[in-house]
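Q: what shape does this take:
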Amino acid sequence: MRISRQFRQTLIGTTAVSVLFGALCALGSFAFYSEYGPRIAGAPHDAWANTFHAIDTFFWVTVGSVVAFGLLPSAVSFALCKLLRKASNPSP
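A: Residues are numbered from 1 along each chain as shown. This next block holds a predicted model:
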């Protein structure tokens with residue numbers, strides 16, 4: 001299957017912005033749990049657990065943003081385009 005240039009650019013742009021969002025969320029998570037973690041019962045308490053929690057946050061925010069803002073709109077657009085082509089060009 002060939003990936004179109006527009007879809008490739010959409011994925012690259014969405015991934016770049018998602019990495020920035022993920023990095024900001026990971027830094028915020030790391031700072032929050034470093035400061036307030038010892039007072040929260042289920043929070044990671046040591047530095048390694050806090051680091052792995054921040055990495056996990058980065059991964060899930062990045063993947064979720066790419067799916068929500070890149071793949072899902074492209075899939076909906078692709079499906080609607082296929083549906084409208086099929087409806088406008090009925091074959092006997």
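
Q: so what's the gap between the lengthiest helix in the chain and the chain middle?
A: In the chain, assigned by DSSP state H, the helix with the most residues is helix 5-36. How far helix 5-36 lies from its chain's middle: 8 Å, per C-alpha atoms, centre = their mean, to the nearest Å.

Q: mind listing what's buried along the helix or strand following it?
A: Sequence-wise, the next helix or strand downstream of helix 5-36 (DSSP states H and E) is helix 47-66. Using 16 or more other C-beta atoms under 10 Å as the test for burial, helix 47-66 gives 50, 53, 54, 57, 58, 61, 62, 65, 66. All C-beta atoms are positioned from the backbone trio N, CA, C, and that covers glycine.

Q: show residues contacting helix 47-66.
A: 11, 14-15, 17-19, 21-23, 25-27, 29-30, 33-34, 37, 44 (C-beta atoms under 8 Å, 6 or more residues apart in numbering).

Q: mind checking which of those residues are buried?
A: Looks like the contacts of helix 47-66 have 14, 15, 18, 21, 22, 25, 26, 29, 30, 33, 37, 44 buried, using 16+ other C-beta under 10 Å.
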